[in-house]
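Enquirer: Predicted model and sequence below, questions to follow.
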Amino acid sequence: MGEKDERIIAEMRLTDGKLIEERGSCPVNKDKLFRIIQENIQTAKEHYSSEIGDVMGFTMILDEMGFLVLRDKVIVVKARAVCWDDLIKKYIEVREN
């Protein structure tokens with residue numbers, strides 16, 4: 001993960017009820033983004049957990065930016081410049097190692 005990827009705008013972590021930037025800078029209001037993420041996680045748990053089990057994460061697009069939420073990690077990317085399958089695989093592999 002050390003190499004710089006121009007498609008990645010920022011990396012953040014969900015910590016203590018807020019988003020903490022770890023790398024880069026996300027131009028979205030972090031409080032609002034945190035609430036959207038929490039709502040999506042809650043919706044997934046309520047409506048889909050019986051079908052898919054433990055909700056590990058999800059993706060979404062807002063204002064030309066893509067967001068990969070994977071447990072406590074949030075990756076912000078240029079939505080049109082990234083292959084979502086490759087991005088998800090990359091971060092899942094890193095989490096497992």
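Expert: Done, it's in.
Enquirer: List the buried residues of the top helix by length along the chain.
Expert: Across the chain, the helix with the greatest residue count (assigned by DSSP state H) is helix 30-52. Within helix 30-52, the residues that count as buried by 16 or more other C-beta atoms under 10 Å are 33-34, 36-37, 40-41, 44. Where C-beta positions appear, they are placed from N, C-alpha and C, glycine not excepted.
Enquirer: which among those residues gets closest to residue 63?
Expert: residue 33 (10.6 Å; C-beta to C-beta).
Enquirer: The closest one: what's it in contact with?
Expert: Counting by C-beta atoms under 8 Å, 6 or more residues apart in numbering, residue 33 touches 19, 26, 62, 67, 74.
Enquirer: export those residues to a markdown table and tack on neighbour count and pLDDT?
Expert: Rendered in a markdown table, the data for those read as follows (neighbours: other C-beta atoms under 10 Å; pLDDT from 0 to 100):
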| residue | neighbour count | pLDDT |
| --- | --- | --- |
| 19 | 20 | 93 |
| 26 | 17 | 91 |
| 62 | 13 | 87 |
| 67 | 24 | 94 |
| 74 | 24 | 94 |
